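>>> using only what follows, build the 3D model:
(one chain, ligands or ions: 1)
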Amino acid sequence: MTDETFSPVLRVQQLCYSTPNAQIFDRLDLDVFAGESVALCGPSGTGKTTLLSCIAGLIRRDEGRILVAGEEVTRMSRRQLAAHRRNHIGMVFQFGELLPELSPMENVALAALLAGVKREEAYGSARTLLSELGISHEKTPTAYLSGGERQRVAVARALITDPPLILADEPTGALDQHSRDVVADILFDLPKRDGRALLLATHDENVAKRADRRLDLRAGRLTGARA
Ligand SMILES: Nc1ncnc2c1ncn2[C@@H]1O[C@H](COP(=O)(O)OP(=O)(O)OP(=O)(O)O)[C@@H](O)[C@H]1O
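Numbering: from 1, shown residues only. Prediction:
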């Protein structure tokens, strides 16, 4: 086995970030490996969304390094970051943010088209993924879908570029119990099935306990571990 086998998909080293009002991260470290799910917990306002945003390169950190799939995103230009993100990071948010006037198929295929995939292949992969996730409303604008359906479309969109890292921010927060279980099943299956790394921020203890490890964000650092 090479060293690469043991390299984390996500490595955060000595991350520091402050807003004008508060220090959000104080030399925070985090590794997430292929095939592993990690729940990111902690009280409201401690910086879970901010951490996911720093990892995705949507917010520039003050100090520290972030590596995704072995590449240091904290050194990339905006353009490099956008390209790297499209191919290496899939993101799922609380309300399954989609383009409401577009169908599930269009929303999902668009992510692939933006990543440079050819039209036929993009639509073919979108159809396969949507069918795997049980979405049959190929032509209905996503505005008319239920919360659970939208969230499953959002998962399909996150997966279409086959990213090694999935970031999920309260992905089940807006759902009823049944949809919550369905979406959690799909997300926690990803590391096991495809060897992806999953980092999921949640307030829901039932969701958090399904992760391989649970980390709590407090006072700018991560604590706690469960194998
Ligand atoms: N652009 C900004 N300018 C100033 N403060 C900000 C900004 N973005 C976030 N914050 C502050 O940073 C802190 C962390 O916010 P964040 O949304 O990351 O917390 P969170 O742990 O995800 O909270 P929740 O669990 O409620 O979603 C909060 O105090 C928030 O008000």
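
>>> make it CA atoms for all contacts and neighbour counts henceforth
OK.

>>> residue contacts, residue 115?
Contacts of residue 115 were listed using C-alpha atoms under 8 Å, 6 or more residues apart in numbering, and they are 83, 86-87, 161.

>>> which residues touch the residue nearest to residue 182 when sequence neighbours are not counted?
Closest residue to residue 182 apart from its sequence neighbours, by C-alpha to C-alpha, 6 or more residues apart in numbering: residue 148 at 8.0 Å. The contact partners of residue 148, by C-alpha under 8 Å, 6+ apart, come to 175-176, 179-180, 182-183.

>>> closest one of those to the ligand?
Closest to the ligand out of the contacts of residue 148 is residue 175 (15.6 Å), distances taken as C-alpha to the nearest ligand atom.

>>> which residues does stretch 125-133 contact?
104-105, 108-109, 136, 152-153, 156-157, 160, 186.

>>> if you count neighbours, what's buried in the longest helix anywhere in the chain?
If you go by DSSP state H, the chain has its longest helix at helix 177-194. Buried residues in helix 177-194, counted by 16 or more other C-alpha atoms under 10 Å: 179-184, 187-191.

>>> quick one: it to chain centroid distance?
Put simply, helix 177-194 sits 13 Å off its chain's centre (C-alpha atoms, centre = their mean, to the nearest Å).

>>> CA atoms only: put that helix into PDB for me.
Output in PDB follows, covering the C-alpha atoms of helix 177-194 (Å, rounded to 0.1, in the frame of the first residue of the first chain):
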ATOM      1  CA  GLN A 177     -39.300  11.900  10.300                       C
ATOM      2  CA  HIS A 178     -39.900   9.600   7.300                       C
ATOM      3  CA  SER A 179     -38.000  11.800   4.800                       C
ATOM      4  CA  ARG A 180     -35.300  12.400   7.400                       C
ATOM      5  CA  ASP A 181     -34.700   8.600   7.600                       C
ATOM      6  CA  VAL A 182     -34.700   8.100   3.900                       C
ATOM      7  CA  VAL A 183     -32.200  11.000   3.300                       C
ATOM      8  CA  ALA A 184     -30.000   9.900   6.200                       C
ATOM      9  CA  ASP A 185     -30.000   6.300   4.800                       C
ATOM     10  CA  ILE A 186     -28.800   7.600   1.500                       C
ATOM     11  CA  LEU A 187     -26.100   9.800   2.900                       C
ATOM     12  CA  PHE A 188     -24.700   7.300   5.300                       C
ATOM     13  CA  ASP A 189     -24.700   4.700   2.700                       C
ATOM     14  CA  LEU A 190     -22.300   6.700   0.500                       C
ATOM     15  CA  PRO A 191     -19.100   6.100   2.500                       C
ATOM     16  CA  LYS A 192     -19.900   2.400   2.800                       C
ATOM     17  CA  ARG A 193     -21.000   1.900  -0.800                       C
ATOM     18  CA  ASP A 194     -18.700   4.200  -2.700                       C
END
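
>>> all set, thanks.
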